[in-house]
Each structure stands twice: as structure tokens, then as C-alpha cells.
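K.L.:
sequence unknown, structure follows:
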């Protein structure tokens, strides 16, 4: 099943500052070649590459709005959450590009204000339970990272599968400590192969296996 990238922030005041303009950390294998990227040039989101995910819909405590998505003209994507008329609005975008297996990464500066929940993740076209007639269409949510600034050195990386129904949903993940994560830009990525997912932060990996799932981390760009 093919997956697309999602950038999301939930319930924040200033979310994440993301940029593809960096010396990329080397992929885990020399066999990889670049097939998709965005340098966030200009002042408008490239809608041939991205779309506004669940626009005007509520997720958690905020409404997804294109007003929460902007480019600063210096190669940065800004995802922002703000309050208007007693409601929180936030930025949430997803790529039009989909792939199966490979290595994906982003360069990101984490939010500083409390209450934020920023993330870089991949979702299949659909999320079903694996006991349905076509188990191959079940899908897996791949959370390359989730971050809450109340834990400034902690990064969450997870896999979710078998749908979201209570009693059927399954999950495996790791919350790892990395000193300095809340300061400056960091390159966070994931390698996806037919047998495992390996997570990275700044080119370094560490973690544990669980059901053919491996998690790792790395620091500083």
C-alpha cells in the first residue's frame, strides 16, 4: 500500500518551522536516489505537491485551516495555530506524492510554546482492519515523529495498524530522549522496507525491535 506524507500541528500558537534547504543526511543505503522533495521556495505553498488535509474540519481542539500554512520567502514552511472568535485554527497539509518503501526525511525546528502537538507522518489511502475481506488494504499509520514541547528532549515514533476500532487497533512505538532536540533544526527520517521501519534523528539511529519494527534516533543539522 502506498503512503503520503502529512505535516500536522494540533492545538498550538506557533507550530513547526520546516525546511528542505539543508545538506541531507545520507540515506541508509547508497542504492537510494532522490525522487521527491520541496525546498519551500517563494511565498506560496506549491499545491502541485501538497494539499490542505481535512480543511475546515476539527481535529482534537483545533480546526484545520489553510490560514495556518505559510512560507516565509526564505525557504521555510511555517505551520501556525492561532485563536479567532474563541476557536483555534491550525495548519495541516499532506503531499500528493505517494510511495511504497524508501527513505523519507524532513528538517524541522520544533515549537517552543506549550500546548503544541506537531508531527511528520505517513498515512495510507485507507485504514481498515486486517480481518476484512482484503487484509492487504488494511494500511498502517507511520508516525515519523510526534513532539510536545513540555518534554523538550523527547521524541515519539510510532506505528498504528488494524484500524482504529476499540479492541482491534494495535500499536507499537518508542518515546526516546535526545538532549538538545528542542533547540535548533534537526533532520528526522524513516527508512521503510518490506521487513521493518527504522527511525532516525540527525543521521543516528538507536532503539529496539518489536514485531519486525525497529525504532531509532539521531541529532542536529
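P.N.:
Sure thing, it's come through. Bear in mind the structure is a predicted one, so any value in this text is a computation, not a measurement. Residues are numbered from 1 along each chain as shown.

K.L.:
alpha carbons only for contacts and neighbour counts from here, please
P.N.:
OK.

K.L.:
and the pLDDT for residue 120?
P.N.:
We have a pLDDT of 92 for residue 120.

K.L.:
ok, residue 1 next?
P.N.:
Predicted confidence (pLDDT) for residue 1: 64.

K.L.:
and residue 189, by the same measure?
P.N.:
Listed pLDDT for residue 189 reads 87.

K.L.:
ok, now which ones touch it?
P.N.:
103-106, 144, 199-201 (C-alpha atoms under 8 Å, 6 or more residues apart in numbering).

K.L.:
need the residues you listed in JSON lines (columns: pLDDT and distance to residue 75).
P.N.:
Formatted as JSON lines, the contacts of residue 189 follow (pLDDT from 0 to 100; distance: C-alpha to C-alpha, whole Å):
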{"residue": "103", "pLDDT": "89", "distance to residue 75": "22"}
{"residue": "104", "pLDDT": "89", "distance to residue 75": "19"}
{"residue": "105", "pLDDT": "87", "distance to residue 75": "16"}
{"residue": "106", "pLDDT": "89", "distance to residue 75": "13"}
{"residue": "144", "pLDDT": "91", "distance to residue 75": "22"}
{"residue": "199", "pLDDT": "89", "distance to residue 75": "25"}
{"residue": "200", "pLDDT": "88", "distance to residue 75": "23"}
{"residue": "201", "pLDDT": "90", "distance to residue 75": "21"}
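
K.L.:
and the residue nearest the centre of this protein?
P.N.:
residue 120 (0.8 Å; C-alpha atoms, centre = their mean).

K.L.:
which residues pair with that residue across the strands?
P.N.:
Per DSSP bridges, the residues bridged to residue 120 are residue 7, residue 145.

K.L.:
what about it, distance to residue 41?
P.N.:
According to C-alpha to C-alpha, to the nearest Å, residue 120 and residue 41 sit 20 Å apart.

K.L.:
how close does the residue nearest to residue 185 when sequence neighbours are not counted get to residue 77?
P.N.:
Residue nearest to residue 185 in three dimensions, not counting chain neighbours: residue 109, with 4.4 Å by C-alpha to C-alpha, 6 or more residues apart in numbering. Using C-alpha to C-alpha, one obtains 10 Å as the distance from residue 109 to residue 77.
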